[in-house]
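K.L.:
Model the structure of this input:
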Amino acid sequence: MISIYTQKQQGKEWLRRYRGCLPVFACVLGFTETGLIPGISAAGRTPEDRKYTACADAEFLYYGPEHKPQYPLPPLAAGASPVLISRAVLESLKIPVHLFNAGLPQAPAVPVIDLGGAPARCLSGGAAMEITTVHHLFEQGLLWGERLATNIKQGYLIVGECVVGGTTTALAILTGLGIEAAGKVNSSHPVCNHAQKWALVQAGLEKMMGSRGQGEINFQSSIQNCSTERSRSHSVPQESPKSKIRNSIDPLILVAAVGDPMQVVVAGMAIAASRSCGVMLAGGTQMLAVYALISAIAQAYALSWQPEAVVVGTTRWVAEDPTGATVDLALNLGKGSLTQSGGTPPLLATHLSFADSRYPQLRAYEQGFVKEGMGAGAACIAAHLSQDWQQSQLLAAIEAQLERLSTAFD
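P.N.:
Residues are numbered from 1 along each chain as shown. Down below sits the predicted model:
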């Protein structure tokens, strides 16, 4: 039920250690105006829909399908929100949930811990957030990571996220840290829109470097139209941005330039929590970027953390995405000079399949739509670890959520 794609021994030890344990679930909600660009994300059919995706997902996660939502789940081009998966597990296993607002345009209609952040501007401007906001959010992450871990005696902390457009800010952070990530990230589209993401990242990093008085970096890229190509050979720029950035960037300044508010909160939480309990970063590309950020921040600021306590947990739709290269990306994390302290994390994924689902919205996952979000993959891993849930139990619980949602207000 769980595959380990990297650092197999460390991954096995982590799973063995937490078998039979129930986690605590934290989910950090954030927003970047990058998510409003037409075509950038499939997490909401229109830019207007995508403004409310995080609020809608948070409300569903917290209250479930029978609650009349202030923010209904947004219509998707195909598929169903991954929050159905997370909610199915958290409700069945009675896993405690903590929701954090790291920076949303509007307050969610759920009990949420407001961290005093702000939504990020589009990363292409190279000035996504104020550095004071980033420092504040990082400190809040450290504080809450320690606070949550204090109440975890034997178990572990799952930290999920909801940021529409977050795989693009993830690409920007990874690239800025000197990690070759172009053409390797995932998206909510069935074929990843690498060219669109890459153009935005180049623009943002060039502006950031210009504003730091270091002149422009010449990012060569020859991906044209690769968002419509399945061929991997067309989805990677001929020349990755090697680092004139490497060795010279403060990771928190990088987040302020091209990141989103969730990233630095989760990095702080994981650093602090790893000192006393296990941590599962719940997601794919976005959490690999957070892991790289943790390594870079710990190195830059001489902070202690326990890399062996931290794993990344996702779905096989992300880990085996034929239009990305998630495993490659995970393996690259240990190669950056700024991210050596953490090395490569164990990348785990649930075997959950919707191939036999009676719902077309769920079967769409098998065509590459949606893939992950709201800690869905990690929730399934937790169900297997704590209750030995198999495919049939997961599918039944998830389909029951969808059924209840479709009949709730008839």
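K.L.:
Spatially, what comes nearest to residue 72 if we skip its sequence neighbours?
P.N.:
Using C-beta to C-beta, 6 or more residues apart in numbering and skipping residues adjacent in sequence, the residue nearest residue 72 is residue 56, 6.1 Å away. Using the backbone N, CA and C atoms, a C-beta is placed for each residue, glycine as well.
K.L.:
Same question for residue 186.
P.N.:
Nearest non-adjacent residue to residue 186, counting by C-beta to C-beta, 6+ apart: residue 324, 4.3 Å away.
K.L.:
How many residues are close by the one you found?
P.N.:
By other C-beta atoms under 10 Å, the residues close to residue 324 number 27.
K.L.:
How about the contacts made by the residue nearest to residue 72?
P.N.:
The contact partners of residue 56, by C-beta atoms under 8 Å, 6 or more residues apart in numbering, come to 69, 71, 72, 73, 74, 81.
K.L.:
how close does residue 306 sit to residue 294?
P.N.:
Separation of residue 306 from residue 294 (C-beta to C-beta, to the nearest Å) stands at 11 Å.
K.L.:
more neighbours, the two?
P.N.:
Neighbours per residue (other C-beta under 10 Å) separate residue 306 from residue 294, with residue 294 holding more: 31 against 15.
K.L.:
Can you name the element that comes right after the helix or strand containing the more buried one?
P.N.:
Here residue 294 sits within helix 285-301, counting by DSSP states H and E. Per DSSP H and E, the first helix or strand lying C-terminal to helix 285-301 is strand 310-315.
K.L.:
roughly how far is that following strand from the heart of the chain?
P.N.:
Counting by C-alpha atoms, centre = their mean, to the nearest Å, strand 310-315 is centred 10 Å from the centre of its parent chain.
K.L.:
Run through who's touching that strand.
P.N.:
Counting by C-beta under 8 Å, 6+ apart, 10-11, 14, 158, 270, 274, 278-284, 287-288, 291, 294, 326, 330, 342, 345-350, 352, 365, 371-372, 376-378, 380-381 sit against strand 310-315.
K.L.:
For that strand, the averaged confidence score.
P.N.:
In this model, strand 310-315 has an average pLDDT of 98.
K.L.:
Ok, stretch 34-45 next?
P.N.:
94.
K.L.:
and if you look at stretch 147-164?
P.N.:
96.
K.L.:
Can you give me the buried ones in it?
P.N.:
Neighbour-count burial for stretch 147-164, counted by 16 or more other C-beta atoms under 10 Å, picks out 148-149, 152, 155-164.
K.L.:
pLDDT below threshold where in the stretch 301-410 of the chain?
P.N.:
Applying pLDDT under 70 to the stretch 301-410 of the chain flags residues 410.
K.L.:
Now do the strands in it.
P.N.:
Assigned by DSSP state E, counting those that start in this stretch, the stretch 301-410 of the chain shows strands spanning 310-315, 347-350.
K.L.:
who's in contact with the most centrally placed residue in the chain?
P.N.:
Nearest to the mean C-alpha position of the chain, counting by C-alpha atoms, centre = their mean, stands residue 286 at 3.4 Å. Taking C-beta under 8 Å, 6+ apart, we find residue 286 in contact with 161, 163, 166, 167, 169, 170, 262, 263.
K.L.:
cool, residue 274 as well?
P.N.:
Applying C-beta under 8 Å, 6+ apart, the residues near residue 274 are 305, 306, 307, 309, 310.
K.L.:
Burial check on the last one, number of neighbours?
P.N.:
Okay, so that is residue 310. 28.
K.L.:
by how many degrees do the helix holding residue 294 and strand 310-315 diverge?
P.N.:
170 degrees (axes from the mean of the first three to the mean of the last three C-alpha atoms, to 10 degrees).
K.L.:
Return helix 285-301 as CSV; C-alpha atoms alone will do.
P.N.:
Taking C-alpha atoms only, helix 285-301 is exported to CSV below (Å, rounded to 0.1, in the frame of the first residue of the first chain):
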residue,chain,number,x,y,z
THR,A,285,6.6,19.1,-5.8
GLN,A,286,5.6,21.7,-3.3
MET,A,287,6.8,19.7,-0.3
LEU,A,288,10.1,18.8,-2.1
ALA,A,289,10.6,22.5,-2.5
VAL,A,290,9.8,23.0,1.2
TYR,A,291,12.3,20.3,2.1
ALA,A,292,15.0,22.0,0.0
LEU,A,293,14.1,25.3,1.8
ILE,A,294,14.4,23.6,5.2
SER,A,295,17.9,22.4,4.3
ALA,A,296,18.9,25.8,3.0
ILE,A,297,17.5,27.8,6.0
ALA,A,298,19.0,25.4,8.5
GLN,A,299,22.3,25.8,6.8
ALA,A,300,22.1,29.6,6.4
TYR,A,301,20.9,30.3,10.0
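K.L.:
Just give the nearest non-adjacent residue to residue 356, would you?
P.N.:
residue 395 (7.2 Å).
K.L.:
Can you get me a residue count around the one you found?
P.N.:
21.
K.L.:
which residues touch it?
P.N.:
352, 353, 354, 356, 357.
K.L.:
Using PyMOL, define a selection of the buried residues within those.
P.N.:
Selecting only the buried entries of the contacts of residue 395 in PyMOL, with 16+ other C-beta under 10 Å as the criterion:
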select buried, resi 352+353+354+357
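K.L.:
now, among the contacts of residue 395, which is nearest to residue 62?
P.N.:
residue 352 (22.1 Å; C-beta to C-beta).
K.L.:
From what I see, that closest one and residue 380 are in contact.
P.N.:
Yes: using C-beta atoms under 8 Å, residue 352 is in contact with residue 380, at 5.0 Å.
K.L.:
Check the contact lists of these two and give me the overlap.
P.N.:
Common neighbours of residue 352 and residue 380 (C-beta under 8 Å, 6+ apart) are 85, 315, 394.
K.L.:
Please pick the buried ones from these.
P.N.:
Buried among these (16+ other C-beta under 10 Å): 85, 315, 394.
K.L.:
Quick check: residue 206 vs residue 250, distance?
P.N.:
18 Å.
K.L.:
Please apply the same query to residue 301.
P.N.:
Counting by C-beta to C-beta - residue 301 and residue 250 are separated by 9 Å.
K.L.:
Not counting the helix ranked longest in the chain itself, show me its contacts.
P.N.:
In the chain, taking DSSP state H as the definition, the longest helix is helix 131-150. For helix 131-150, the external contacting residues (C-beta under 8 Å, 6+ apart) are 24, 26, 98, 100, 102-103, 113, 115-118, 157, 252-253, 255-256, 259, 261, 264-273, 275-277, 297.
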